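Student: Sequence and computational prediction follow.
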Amino acid sequence: MAAPECCLRCFILLDCIAYVSYDGNCILLTVIGDPTSPTSPMCPNGIKRTYFGTPPGAVGKGPCQAP
């Protein structure tokens, strides 16, 4: 799957923090519930920070990624 399609899937999936598109694959990282985390309609289980090194492929922030 191309990076733009993977990104779109992340932005329509509830609780998606980030996506990785690599070698035709799409990996979506989602958040688990955390009552101390702020929420929104798109992120009912909270907003999280993630830190990536230099993974291969395209990596992008999802709607539930903290700024």
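Tutor: Cool, got the structure.

Student: switch to C-alpha atoms for all contacts and neighbour counts from now on
Tutor: Fine.

Student: and the spatially most central residue of the chain, which of the three is it?
Tutor: In the chain, the centroid-proximal residue (CA atoms, centre = their mean) is residue 18; its distance is 2.1 Å. Under DSSP: H, G, I helix; E, B strand; the rest coil, residue 18 falls in the strand class.

Student: I figured it hits residue 58, correct?
Tutor: No - counting by CA atoms under 8 Å, residue 18 does not reach residue 58; the two are 10.6 Å apart.

Student: any idea which element the closest residue to residue 40 other than its chain neighbours lies in?
Tutor: Nearest residue to residue 40 in three dimensions, chain neighbours excluded: residue 46, at 7.3 Å (CA to CA, 6 or more residues apart in numbering). Per DSSP states H and E: residue 46 is located in neither a helix nor a strand.

Student: Against residue 54, how distant is residue 46?
Tutor: The spacing between residue 46 and residue 54, counted by CA to CA, to the nearest Å, is 25 Å.

Student: If you count surrounding residues, which of these two has more?
Tutor: residue 46 (24 against 8; other CA atoms under 10 Å).

Student: Give me the phi and psi for that one.
Tutor: Here is the backbone geometry of residue 46 (degrees, to the nearest 10): phi 110, psi 170.

Student: I'd guessed it sits against residue 30; true?
Tutor: No - shown here, residue 46 and residue 30 do not form a contact pair, counting by CA under 8 Å, at 10.0 Å.
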